[in-house]
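In: model this:
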Amino acid sequence: MSEKQTLGFQAEVKQLLQLMIHSLYSNKEIFLRELISNASDASDKLRFEAINNAALYENDSELQIRVSFDKAARTITISDNGIGMTKEDAIAHLGTIAKSGTKEFFGKLSGDQQKDAAMIGQFGVGFYSGFIVADRITVESRRAGQPAAEGVRWESEGSGDFSVETIAKANRGTDIILHLREGEDDFLSTWKLKSVIRTYSDHISLPIKMQKEEWDEEKKENVLKDELETVNQASALWARSKSEVTQEQYDEFYKHISHDYSAPLSHTHNRVEGRSEYTQLLYIPARAPFDLWDRNKRGGIKLYVKRVFIMDDAEQLMPVYLRFVKGVIDSNDLPLNVSREILQESRDIKAIREGSTKRVLGMLEDLANAEGEEAAAKHEKYATFWKEFGQVLKEGIGEDHANKDRIAKLLRFASTHNDSDAQNVSLADYLARAKEGQDKIYYVTADSYATAKNSPHLEIFRKKGVEVLLLTDRVDEWMLSFLSEFEGKELASVAKGGLDLGKLEDEAEKKQHEETETQFKELVEKMKAALADKAKDVRVTFRLTDSPACLVADEHDLSGNLARMLKAAGQAAPESKPILEINPDHPLVQKLKYEEAKFADWSHILFDQALLAEGGNLSDPSGFVKRLNEMLLNA
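Out: From the prediction side, this is the model:
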């Protein structure tokens, strides 16, 4: 046995322990779920490593989890015969939180106990939940394949430090011994522990065993027997028939694989037969994980082959734009020693991926398009989904050509039809409200709802009662490069190219516009000369009713919003100047026809105002202020 070392916790662990000790979990029982879940993961890891090295089983291939208690010592012990830990593993895994995610974890804590509790498992720190009920935790472990003399004992009271020492441990795996706090004696009961296990861990595919308890007539009390009994169903939940699984069991299994505190929005459970045989149990979560925007972080789908766990980030099984989906896929056709390289090239995997993608889109369609008694509840769930994951789903428009039309029907946007920023308008809704003769779906892009809603480009559309979609997500500009039409109707930006209202404009209006353009021809030419360094062109517009001017991008140029986004991201945008359009009915523009001395200054002010109105940044703010002040003084 080596000398005991005392080491300090990482600063973030100290913070976390304070949260735990002050009962961050609103439901204390969850500590047992987290520790059993960790034990199950340790067994999965052993099973996977043993595929290529059967000696790791050490003549003990029956994987199981044991839960026991000692009333006299006031301890609960959770034991597994999984992969186990070395001394270095214990220091690394139980003394620190992985650097990736630590900052995000503490940044997301809100002070709301229930919401904060939901994040514990997600960040891989469920072990520390033991300190909710324990004032001391002892961990004894030995890694599979290591000599019996190279076990490790880790111990901490949950304050600033922990101790580690080398011990002899005959059996591989891990024992976690919780020394209960005062007032937590409820857990020193077979009935209580069984109840918690059946509530939260019944879905675990390994047997969870406890000592049998029987009534002793002589002692007039229940006593523990040496015989063990399995207290959970101990069969892979996805392998059971759907009729045998309750909604509560589905929800608890989701929480186990996702480490999410909330129930999922929806699930699909299917056995697929044919050229590829596999079972899928897939879930749509109710809220986004902290690392949703990390496209390289792929931990959603666990791959099993004939019930044997293979990997928990099988990215080939689900497209990137569905990275929020959680679940299990169990194949009967893949080899047990399947590698990532084999997955990359496998025809079976391609079939599973396509089938699973269609199932997920089907789940979303069921929520979005529900009719009948459950319609309102399902529509509310879809609104929740869209708020959490809508921007990610939009990536599918450009990444999944085969399902582009299905995805397009699932898109939701804000629009001028509503008075709020809620994204609840589908493209089908928009077309159902389209004006007679309207042959386009109109939209405007901006960096915020307020900028989009107040865009001067919307003025003529409001006047004519034509709905415009308000697109403000960063992904929208990229998505639109792949979504040019919907059900035969072109998607048209109200801020690009010339204004073409088609049949929404009558012949009398067109004739009047031509006459006005002739009247303002001289003014337009003078403004072109004054703004040659800023504007690609100047022209009269009839899209404005209240504003004096606006900027539009040429048909094939980047929109101003996209150019600004690229610049903010440090990327070079192709150089292109905007077109300035002026409102001939506005008093400022009419006055400009007769201005000589300050003509250039007034022209620059109109351009800069138009740039500000669309959310742009002035290249010379002080010059704009100086010109504006002079104009005000001369007014």
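In: Can you pull out the low-pLDDT segments for the stretch 251-400 of the chain?
Out: 294-299, 340 (pLDDT under 70).
In: ok, 80 please
Out: Low-confidence segments of the stretch 251-400 of the chain (pLDDT under 80): 259, 261, 275, 289-299, 307-315, 335-345.
In: Could you pull out the strands in it for me?
Out: Counting by DSSP state E, counting those that start in this stretch, the stretch 251-400 of the chain has strands at residues 266-272, 278-284, 301-305, 308-311, 326-331.
In: and these as a markdown table, adding mean neighbour count?
Out: Just so you know, the C-beta spots here come from the backbone N, C-alpha and C atoms, and that holds for glycine as well. Output for those, formatted as a markdown table (neighbours: other Cβ atoms under 10 Å):
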| stretch | mean neighbour count |
| --- | --- |
| strand 266-272 | 17 |
| strand 278-284 | 24 |
| strand 301-305 | 23 |
| strand 308-311 | 20 |
| strand 326-331 | 24 |
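In: May I see those organised as a markdown table, with distance to residue 169 added?
Out: As requested, those are exported to a markdown table (distance: least, Cβ to Cβ, whole Å):
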| stretch | distance to residue 169 |
| --- | --- |
| strand 266-272 | 40 |
| strand 278-284 | 36 |
| strand 301-305 | 29 |
| strand 308-311 | 24 |
| strand 326-331 | 32 |
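In: longest helix of this protein?
Out: helix 375-399 (DSSP state H).
In: Could you list the buried residues of that one?
Out: 378-379, 381-386, 388-398 (16 or more other Cβ atoms under 10 Å).
In: hang on, the earlier thing: can you tell which of the strands of the stretch 251-400 of the chain is closest to residue 167?
Out: With Cβ to Cβ as the criterion, residue 167 lies closest to strand 308-311 of these, at 28.8 Å.
In: now the closest one, how far from the centre of its chain.
Out: 24 Å (Cα atoms, centre = their mean, to the nearest Å).
In: what residue of this protein is the furthest out?
Out: residue 218 (58.8 Å; Cα atoms, centre = their mean).
In: Mark out where each domain of the chain begins and ends.
Out: In terms of domains, the chain is parsed into 5-230, 237-368, 407-501, 504-634 (source: automatic domain parsing).
In: Quick one: end-to-end length of the second one, please.
Out: Looking at domain 237-368, the gap from its leading to its trailing residue is 28 Å under the measure Cα to Cα, to the nearest Å.
In: Ok, the shortest one next?
Out: As for domain 407-501, its first-to-last residue distance stands at 28 Å under the measure Cα to Cα.
In: looking at this, the residue farthest from the centre of the chain is in a helix?
Out: No. With DSSP: H, G, I helix; E, B strand; the rest coil as the criterion, residue 218 is located in coil rather than a helix.
In: tell me the contacts of it?
Out: Not one residue lies near residue 218 by Cβ atoms under 8 Å, 6 or more residues apart in numbering.
In: What does the pLDDT read for it?
Out: pLDDT recorded at residue 218 is 76.
In: and what of residue 572?
Out: 66.
In: Over to residue 500?
Out: 70.
In: Three-state assignment for it, please.
Out: Residue 500 - assigned by three-state DSSP - is coil.
In: Please name whichever of the strands of the stretch 251-400 of the chain is nearest to residue 69.
Out: strand 308-311 (28.7 Å).
In: Parallel or antiparallel, list what pairs with that closest one.
Out: Strand 308-311 has its sheet partners listed here by DSSP bridges as strand 301-305 (antiparallel).
In: Give me the spatial nearest neighbour of residue 333, chain neighbours excluded.
Out: Once flanking residues are discounted, residue 333 sits nearest to residue 348: 5.0 Å by Cβ to Cβ, 6 or more residues apart in numbering.
In: didn't the one you found look like it was pressed against residue 338?
Out: No. The criterion here is Cβ atoms under 8 Å, and residue 348 misses it with residue 338 at 9.7 Å.
In: circling back to that earlier point, could you export the domains of the chain to JSON lines, including columns for distance to residue 374?
Out: Formatted as JSON lines, those follow (distance: least, Cβ to Cβ, whole Å):
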{"stretch": "domain 5-230", "distance to residue 374": "25"}
{"stretch": "domain 237-368", "distance to residue 374": "10"}
{"stretch": "domain 407-501", "distance to residue 374": "18"}
{"stretch": "domain 504-634", "distance to residue 374": "39"}
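In: where exactly do the strands run in the stretch 101-250 of the chain?
Out: Using DSSP E, counting those that start in this stretch, strands in the stretch 101-250 of the chain cover 134-142, 151-156, 161-167, 173-180, 208-216, 221-230.
In: Identify whichever of the ones you listed lies nearest to residue 513.
Out: Once these are compared by Cβ to Cβ, strand 208-216 is nearest, at 77.7 Å.
In: and that closest one, how far from the chain's centre?
Out: Counting by Cα atoms, centre = their mean, strand 208-216 comes out at 43 Å from the chain centroid.
In: That one packs against which elements?
Out: Using 3 or more Cβ pairs under 8 Å, 6 or more residues apart in numbering; DSSP states H and E, the elements in contact with strand 208-216 are strand 65-70, helix 190-200, strand 221-230.
In: Name the residues of the second one that are buried.
Out: So the one you mean is helix 190-200. 190, 193-194, 196-197, 200.
In: What of stretch 360-367?
Out: 360-361, 363-364, 367.
In: Repeat that for stretch 28-47.
Out: Applying 16+ other Cβ under 10 Å to stretch 28-47 flags 29-47 as buried.
In: go on, stretch 610-619?
Out: 610-611, 613-616.
In: Go through those and flag which are in helices.
Out: Using DSSP H, these in helices are 610-611, 613.
In: With respect to residue 428, which of those is nearest?
Out: residue 613 (31.4 Å).
In: For burial, what's the neighbour tally of the residue nearest to that closest one when sequence neighbours are not counted?
Out: Among residues not flanking residue 613 along the chain, residue 456 sits closest, at 5.4 Å (Cβ to Cβ, 6+ apart). The tally of other residues near residue 456 (other Cβ atoms under 10 Å) stands at 24.
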